[in-house]
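>>> model this:
(one chain, ligands or ions: 2)
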Amino acid sequence: MENVMFSSAAVQTPWQGPTDSNLSSSRTNPIIFPSREYQQYDRAPRRTEEFVEPNLSLEDDPMIEPEFRGIVGSNSRLKAVIENIQIVAPADTSVLILGETGTGKELIARAIHDLSPRKNYPFVKVNCAAIPSGLLESELFGHEKGAFTGAIAQKIGRFELADKGTLFLDEIGDIPLELQPKLLRVLQEQEFERLGSTRTQRVDVRVVAATNANLAPMVAEKRFRSDLFYRLNVFPITVPPLRERRDDIERLVRHFAKKYAQRMGKHIVSIPKATMDALRRHTWPGNIRELQNLMERAVLLSPGPQLRVPLADIVVPLAVNDDVQSSALEQVEREMIVRALQESNWVVGGVRGAAARLRLNRTGLAYKMKKFGISRPT
Ligand SMILES: Nc1ncnc2c1ncn2[C@@H]1O[C@H](COP(=O)(O)OP(=O)(O)O)[C@@H](O)[C@H]1O
Ligand SMILES: [Mg+2]
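Ligands and ions are numbered 1, 2, ... in the order given. Okay, here's the model as predicted:
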């Protein structure tokens, strides 16, 4: 029998023999059972490393409360976020969701819509950072035929498409300054004109905005209008980064491992405890999106019933510096560096190295790696 089923108890070892005390020493000195003893445990896995590693079952503890609208986690700060979603959803207030990339801002925006009286009307998303600033106005508000060169037909904007529903404005910090008065007007008066038209359109749209940028300094530097900021900031929801709610990591690992195993038709039931410990220590600059992607890869790479996580793909921090509040800009910088290093296979210099990708010189990149505590995974 190839697969070993584990019950839902927190820590499981796949055999009944050794006790915890000889487990720790077994990490350096693998215990090999005499063959007769081995045969006694005929349900045990065959590979030696599976003998020496304690395993955790992928089954969730049945005592854990079910997830809320696909939002997995029970950390107290995440619970506060969920409470805020429940408070604000039925109201028609605009909401500003703040948090690093991959923390679940879009998931939260959808939950707000789905719990609102607008749930049977459209949820329309616009990523303000993904649309060239010159095209954003027409994307949001639409245009008439001939409004500008290239406007060969009339276009209905996202505000009109979202009528009676919710418009999710992602990366709101990237909205150009010159477009901000028009956005403020539609938020306040629910009216606007399509480009190239003098006719005023009226819409009934609730706006939920999100950003990973800190808007307050942008307001101070006059890169973001203060009146728009206050209008959006009526009900801010701040989503904590994953490294500030490490107690949710284990549950998220189980959630995504099971999800991808099911999707790929694989039978995966356990994860080595040491792997889970490493995942819990990681700082997750890409937050839940990073964890989700890693789990998808892990499931794909796992040959048997035990989840094999490619730990070399994650960056091990030099020191856990949770107390150091890095700026949003530094976080983005760190993330870019990590990505460039991964893409260049941790080669720093040379034409294919990460420094060249980042248009930095080698020493400059080495300095930044040290500063951000980035080192090649072992
Ligand atoms: N708490 C969570 N539980 C389960 N999945 C989550 C959670 N938070 C985020 N995700 C998933 O992680 C990915 C990134 O989330 P997303 O909402 O797009 O993040 P953001 O908009 O903040 O960048 C999505 O696939 C989302 O479904
Ligand atoms: Mg997003």
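
>>> quick one: buried residues of the host helix or strand of I108?
Using DSSP states H and E, I108 maps to helix 105-114. Neighbour-count burial for helix 105-114 flags 105-113 (criterion: 16 or more other C-beta atoms under 10 Å). No exception for glycine: its C-beta is placed from N, CA and C like everyone else's.

>>> do the same with stretch 75-95
Judged by neighbour count (16+ other C-beta under 10 Å), stretch 75-95 contains these buried residues: 75, 78, 81-82, 84-85, 88-89, 94-95.

>>> related to what we said a few turns ago, what is the mean pLDDT for the helix holding I108?
Taken as a whole, helix 105-114 carries a mean pLDDT of 97.

>>> can you show me the CA trace of that helix as PDB?
What follows is helix 105-114, C-alpha atoms only, in PDB (Å, rounded to 0.1, in the frame of the first residue of the first chain):
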ATOM      1  CA  LYS A 105      -7.700  43.100  -1.200                       C
ATOM      2  CA  GLU A 106      -9.700  42.000  -4.200                       C
ATOM      3  CA  LEU A 107     -11.100  39.000  -2.300                       C
ATOM      4  CA  ILE A 108     -12.400  41.500   0.300                       C
ATOM      5  CA  ALA A 109     -13.800  43.900  -2.300                       C
ATOM      6  CA  ARG A 110     -15.800  41.000  -3.800                       C
ATOM      7  CA  ALA A 111     -17.000  39.900  -0.300                       C
ATOM      8  CA  ILE A 112     -18.300  43.400   0.300                       C
ATOM      9  CA  HIS A 113     -20.200  43.400  -3.000                       C
ATOM     10  CA  ASP A 114     -21.600  39.900  -2.400                       C
END
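
>>> in its sheet, what does the next helix or strand along the chain from it sit against?
Downstream of helix 105-114, the next assigned helix or strand under DSSP H and E is strand 123-127. For strand 123-127, the pairing partners within the sheet under DSSP bridges are strand 166-170 (parallel).

>>> what's in contact with the partner strand?
Strand 166-170 has contacts (C-beta atoms under 8 Å, 6 or more residues apart in numbering) with 105-106, 109-110, 112-113, 116, 118, 121-129, 158-159, 175, 205-210.

>>> so which of the residues you listed also contact ligand 1?
Among those, the residues lying close to ligand 1 (C-beta under 6 Å from any ligand atom) are 105-106.

>>> returning to that earlier point: farthest-separated two in the buried residues of helix 105-114?
Distance extremes for these: the farthest pair is K105 and H113 at 13.0 Å, using C-beta to C-beta.

>>> anything in contact with each of the two?
With contacts defined as C-beta under 8 Å, 6+ apart, no residue is adjacent to both K105 and H113.

>>> which of the buried residues of stretch 75-95 lies closest to R251?
Of all the buried residues of stretch 75-95, R251 sits closest to N75, with 9.4 Å by C-beta to C-beta.

>>> contact partners for the spatially closest residue to that closest one that is not a sequence neighbour?
Excluding its sequence neighbours, the residue lying closest to N75 (C-beta to C-beta, 6 or more residues apart in numbering) is R245, at 3.7 Å. Each residue near R245 by C-beta under 8 Å, 6+ apart is listed here: 73, 75, 77-78.

>>> quick check, nearest of the residues you listed to Q306?
G73 (24.6 Å).

>>> where do the strands sit along the stretch 251-378 of the chain?
For the stretch 251-378 of the chain, strands defined by DSSP state E, counting those that start in this stretch occupy the ranges 270-272, 316-317, 374-375.

>>> do the stretch 1-150 of the chain as well
Secondary structure of the stretch 1-150 of the chain by DSSP E, counting those that start in this stretch: the strands cover 11-12, 55-57, 95-98, 123-127.

>>> for N293, which of those is the nearest?
strand 123-127 (18.9 Å).

>>> which residues does the closest one contact?
106, 109-110, 113-114, 139-140, 158, 161-162, 165-171.
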